[in-house]
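>>> no FASTA, just this:
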């Protein structure tokens, strides 16, 4: 096990097989909690606080993380729309959520690896998030396997990682847009999915989504906390900055209705919720 948390995070990002990525994530998270991995601030080079571009002192330029040959990544428009009325339709839905969770493991580790000038609690938060996402992926994959499918059985898209690439230069933008826009979408849609699944008698899947929904509130809240921390550090008013970032990066991916209660619990202000609703309209 590497002594640097940054090196360990890079190793998780590079792991290609789901089994390896999950196992490494759990092992590294446990090692970090046990004090075996350090946040080596001496490697946080660069006057801008984001490290050098691939030099020995900072993070390498962002690139696609390790991933298995399947699922095939396609444009979202190429993904067929399937209902819940068949086992294959429900499996495709579970697969889509599993793919989001698999990407979220990498998003957690890239938040750790890429941004080198943050407080210790920041790294603790995103290690915890990566660990949770690995557990969520494992639960969903086991559910797929119980239905005689597996991860990779259906095509998927790469929207979450594309936003990570767009925000790799700026921790403030990353915190605003990946957890608080893309991942927070799960807070909006999951309650309705749980209702539909229970109506169909698929309580096993609904139970998994209940766990994920509850824990994702804390993940989005971490994004809210560190977005506001970055704004305070830079002397920026967070509400107008959030609106500006939505317009610049995320207008095309904003879809209502929004789960106001869950988003409020995850740290959204009334002004931010109003901006989401206005721009999605």
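Cool, the structure landed. Everything quoted here is computed from the prediction, not taken from an experiment.
>>> buried ones in the longest helix seen in the chain?
In the chain, with assignment by DSSP state H, the single longest helix is helix 203-234. Of the residues in helix 203-234, 205-206, 208-209, 212-213, 216-217, 219-231 count as buried by neighbour count, 16 or more other C-beta atoms under 10 Å. Where C-beta positions appear, they are placed from N, C-alpha and C, glycine not excepted.
>>> helix or strand right after it?
Next in sequence after helix 203-234, counting helices and strands by DSSP states H and E, comes helix 238-245.
>>> what about that next one, average pLDDT?
Averaged across helix 238-245, the pLDDT comes to 96.
>>> now the angle from that helix to helix 203-234?
110 degrees (axes from the mean of the first three to the mean of the last three C-alpha atoms, to 10 degrees).
>>> what's the spacing between helix 238-245 and its chain's center?
20 Å (C-alpha atoms, centre = their mean, to the nearest Å).
>>> Give the buried residues for it.
238, 239, 241, 242, 243, 245.
>>> Which members of these are the farthest-apart pair?
239 and 245 (11.1 Å; C-beta to C-beta).
>>> quick one on the thing from earlier: nearest to residue 73, out of the buried residues of helix 238-245: which one, please.
Closest to residue 73, out of all of the buried residues of helix 238-245 and judged by C-beta to C-beta, is residue 245, at 25.2 Å.
>>> Which elements pack onto the helix or strand in which residue 113 is found?
Assigned by DSSP H and E, residue 113 belongs to helix 87-114. Packed against helix 87-114, as judged by 3 or more C-beta pairs under 8 Å, 6 or more residues apart in numbering; DSSP states H and E, are the following elements: helix 5-14, helix 18-33, helix 120-146, helix 159-166, helix 171-177, helix 185-199, helix 203-234.
>>> nearest to residue 74, of these?
Smallest distance to residue 74 across those (C-beta to C-beta): 11.1 Å, for helix 159-166.
>>> ok now that closest one, how far from the chain's centre?
10 Å.
>>> just for the chain, where's the confidence low?
1-2, 41-57, 281 (pLDDT under 70).
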